[in-house]
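[1] need a structure here:
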Amino acid sequence: MTLHIPPSLKHRRFRLLWLGLMISVAGAQMQVWALFWHIRTLTDQPIALGGVGLARILPVIVFSLLGGAVADVANRRRVLFITQGSIGLIALVLAILTLNGNIALWQIYLLTALQAVVVSFDQPARQALVPNLVPARDLPNAFSMMSIAFQTGAIVGPALSGLIIAYWGQPYTYLINAAAYLAVILALILLGPVSQQTAVGRDARINLPAIREGVQFILSQPIILSSMILDFFATFFSSANTLMPIVARDILHVGAVEYGWLSAAQSVGAVTAALAVSQMSAIRRQGPIFLGAVVEFGAATVVFGMVRGFLLAFFALMVIGAADAVSTIIRNTIRQLHTPDYIRGRMTSVNQIFFMGGPQLGEVEAGVVAQLFGAPFAIISGGLGCILAVTWIARRWPQLRAYNGDEPLRAGAPAD
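    As a prediction, this is how the structure comes out:
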């Protein structure tokens with residue numbers, strides 16, 4: 001197969017955002033996995049790791065719908081200036097407290113929650129901005145490239161986190177993350193003004209009716225709603241990332257460097273899958289492929305919970321990441337293509353509750369189950385729960401099983 005430049009990268013403004021995000025994601029993922037290791041260093045209780053998920057999801061539930069309304073009314077580029085700068089400052093505070101050597105668990109939870117508040121406004125604006133940078137025909141490719149940017153950062157970040165913790169110390173992972181956000185800010189400056197649609201004949205305000213309109217839109221679109229619900233349950237049951245320090249230290253008996261590579265393994269698989277998808281001109285039978293990818297995600301999670309060797313664990317995590325990348329590309333394409341631009345931020349904000357709520361609540365669930373029955377049981381039972389969720393949703397929404405990817409777009413959705 002001859003490699004070619006992905007069509008979305010031929011658009012200068014998307015290319016700038018893509019490069020900036022890749023750098024900032026590397027820093028953010030470095031912090032995420034370093035944070036898990038930090039908490040495991042402070043305490044050996046699995047439920048303490050689950051507390052990170054709770055600190056993240058509560059602000060998302062409270063602020064996401066408001067964040068979506070802001071993304072549809074305010075200038076999305078300006079919103080990103082504020083959110084990216086704020087997240088960088090939070091990382092800097094975390095670094096300073098850790099350098100001083102007196103940081104406590106409650107401070108980690110508080111800063112994590114503050115960051116989640118900002119992310120509630122950042123995610124809708126960022127995802128809704130992408131279709132403003134490329135034509136509809138290149139949108140599936142754009143989301144494939146966004147997945148590559150995220151997963152490449154998620155390979156580099158965790159791998160570096162293990163090395164930096166081992167050789168420099170915990171605080172420097174947070175400090176480097178704070179500096180990494182400058183890449184997105186620079187990209188936004190170079191981007192220049194970005195036009196976005198407004199609702200014709202509608203009063204563009206940030207209020208309760210506007211939020212309600214976004215929720216009602218989701219409920220009226222079975223293909224979008226079913227993909228969100230599947231996303232939630234799959235990640236709720238199969239979210240065991242916070243248990244990785246326990247798996248590394250107590251089951252596989254490896255150190256910080258190996259932990260960093262285990263943390264990056266899912267992204268190695270995800271980048272491989274996303275690169276393959278980026279070379280495809282079109283994806284057909286998207287519904288069955290989406291469902292099959294989530295089943296593979298759950299099955300690989302079961303295998304990961306059973307293995308006791310580093311290499312087998314790394315391979316199982318790679319498969320998990322590859323399956324997740326395929327499902328992410330398809331579900332993002334479905335949602336963005338079938339949503340008019342004027343309401344895209346609100347759609348993304350509702351989706352944020354599902355795609356962030358699933359893994360974050362799943363981290364709480366995994367921590368509780370691991371506390372009661374051990375980490376392997378928590379991981380294996382979660383993978384089985386994911387597969388059962390796919391079976392139920394495929395039966396409940398046959399539209400998802402039948403979705404091909406070339407169905408007519410909803411009026412007002414992006415055209416070529």
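[2] Run through who's touching the helix or strand hosting residue 215.
    Using DSSP states H and E, residue 215 falls within helix 208-219. With contacts defined as CB atoms under 8 Å, 6 or more residues apart in numbering, helix 208-219 is touched by 65-66, 68-69, 72-73, 204, 224-225, 228, 339, 343, 346-347, 349-351. C-betas here are computed from N, CA, C, even on glycine.
[3] go again using 10 Å as the cut-off
    64-66, 68-70, 72-73, 124, 199, 202-204, 207, 224-225, 228, 335, 338-340, 342-351, 354, 410 (CB atoms under 10 Å, 6 or more residues apart in numbering).
[4] Just the mean pLDDT for that helix, thanks.
    Average pLDDT, helix 208-219: 77.
[5] again with stretch 337-348
    Averaged over stretch 337-348, pLDDT sits at 75.
[6] ditto for stretch 75-89
    pLDDT averaged over stretch 75-89 gives 90.
[7] Name the spans of the stretch 301-416 of the chain whose pLDDT lies under the cut-off.
    355-357, 405-416 (pLDDT under 70).
[8] returning to what we had before: tell me which of the contacts of helix 208-219 fall in helices.
    64-66, 68-70, 72-73, 124, 224-225, 228, 335, 344-351, 354 (DSSP state H).
[9] What is the host helix or strand of residue 234 packed up against?
    Secondary structure from DSSP H and E places residue 234 in helix 222-237. Applying 3 or more CB pairs under 10 Å, 6 or more residues apart in numbering; DSSP states H and E, we find helix 222-237 packed against helix 208-219, helix 286-306, helix 310-337, helix 344-373, helix 375-396, helix 398-402.
[10] Now render these as JSON lines, adding distance to residue 12 and mean neighbour count.
    Converted to JSON lines, these look like this (distance: least, CB to CB, whole Å; neighbours: other CB atoms under 10 Å):
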{"stretch": "helix 208-219", "distance to residue 12": "31", "mean neighbour count": "16"}
{"stretch": "helix 286-306", "distance to residue 12": "29", "mean neighbour count": "22"}
{"stretch": "helix 310-337", "distance to residue 12": "20", "mean neighbour count": "23"}
{"stretch": "helix 344-373", "distance to residue 12": "22", "mean neighbour count": "23"}
{"stretch": "helix 375-396", "distance to residue 12": "39", "mean neighbour count": "19"}
{"stretch": "helix 398-402", "distance to residue 12": "36", "mean neighbour count": "15"}
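[11] which one of those helices lies closest to residue 105?
    Closest of those to residue 105 is helix 344-373, at 13.3 Å (criterion: CB to CB).
[12] Packing partners of the closest one?
    Counting by 3+ CB pairs under 10 Å, 6+ apart, helix 344-373 packs on helix 46-73, helix 76-100, helix 105-129, helix 208-219, helix 222-237, helix 244-246, helix 310-337, helix 375-396.
[13] Could you dump the ones you listed into CSV with distance to residue 10 added?
    Compiled in CSV, these are given as follows (distance: least, CB to CB, whole Å):
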stretch, distance to residue 10
helix 46-73, 26
helix 76-100, 21
helix 105-129, 18
helix 208-219, 31
helix 222-237, 28
helix 244-246, 38
helix 310-337, 18
helix 375-396, 36
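[14] so who does residue 114 touch?
    Shown in contact with residue 114 (CB under 10 Å, 6+ apart): 55, 59, 86-87, 89-90, 93-94.
[15] mind running it again at 7 Å?
    Contacts for residue 114 (CB atoms under 7 Å, 6 or more residues apart in numbering) come out as residue 90.
[16] And it, what's its pLDDT?
    We have a pLDDT of 93 for residue 114.
[17] Give the buried residues for stretch 100-116.
    Buried residues in stretch 100-116, counted by 16 or more other CB atoms under 10 Å: 103, 108-109, 111-116.
[18] could you dump those to TSV with distance to residue 314?
    Below are these laid out as TSV (distance: CB to CB, whole Å):
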residue	distance to residue 314
103	31
108	27
109	30
111	30
112	27
113	32
114	33
115	29
116	29
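[19] Specify which member of those residues is nearest to residue 20.
    residue 115 (18.5 Å).
[20] what's near enough to touch that closest one?
    Listed by CB under 7 Å, 6+ apart, the contact set of residue 115 reads 87, 90.
[21] Same check on the one 5 residues further on?
    With contact set as CB under 7 Å, 6+ apart, residue 120 has these partners: 59-60, 63-64, 67, 352.
[22] One more: residue 147?
    Residues near residue 147 by CB under 7 Å, 6+ apart: 270, 274, 325, 328-329.
[23] Identify the farthest-apart pair in these.
    With distances taken as CB to CB, the most widely separated pair in the contacts of residue 147 is 270 and 329, at 9.8 Å.
[24] now the helix or strand hosting residue 24 and helix 46-73, what's the angle there?
    For residue 24, the element it lies in under DSSP H and E is helix 12-42. Relative orientation of helix 12-42 and helix 46-73, computed by axes from the mean of the first three to the mean of the last three CA atoms, to 10 degrees: 160 degrees.
[25] Run the angle between helix 12-42 and helix 76-100 for me.
    30 degrees.
[26] in helix 12-42, what's buried?
    Applying 16+ other CB under 10 Å to helix 12-42 flags 13-40 as buried.
[27] related to what we said a few turns ago, from the chain's centre, how far out does the helix holding residue 215 sit?
    23 Å (CA atoms, centre = their mean, to the nearest Å).
[28] Check stretch 160-167 too.
    For stretch 160-167, the distance to the chain centre is 23 Å (CA atoms, centre = their mean).
[29] List the buried residues of it.
    160-162, 164-165.
[30] avg pLDDT for that stretch?
    The model assigns stretch 160-167 a mean pLDDT of 84.
[31] Send me stretch 130-142 as PDB with only the CA atoms.
    Output in PDB follows, covering the C-alpha atoms of stretch 130-142 (Å, rounded to 0.1, in the frame of the first residue of the first chain):
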ATOM      1  CA  VAL A 130     -12.400  20.800  13.800                       C
ATOM      2  CA  PRO A 131     -15.300  20.800  11.200                       C
ATOM      3  CA  ASN A 132     -14.700  24.500  10.800                       C
ATOM      4  CA  LEU A 133     -11.200  23.800   9.600                       C
ATOM      5  CA  VAL A 134     -11.800  21.100   7.000                       C
ATOM      6  CA  PRO A 135     -14.600  20.300   4.500                       C
ATOM      7  CA  ALA A 136     -17.000  17.500   5.200                       C
ATOM      8  CA  ARG A 137     -15.400  15.100   2.800                       C
ATOM      9  CA  ASP A 138     -12.200  15.200   4.800                       C
ATOM     10  CA  LEU A 139     -13.800  15.100   8.200                       C
ATOM     11  CA  PRO A 140     -13.400  11.300   8.800                       C
ATOM     12  CA  ASN A 141      -9.700  11.700   7.900                       C
ATOM     13  CA  ALA A 142      -9.400  14.700  10.200                       C
END
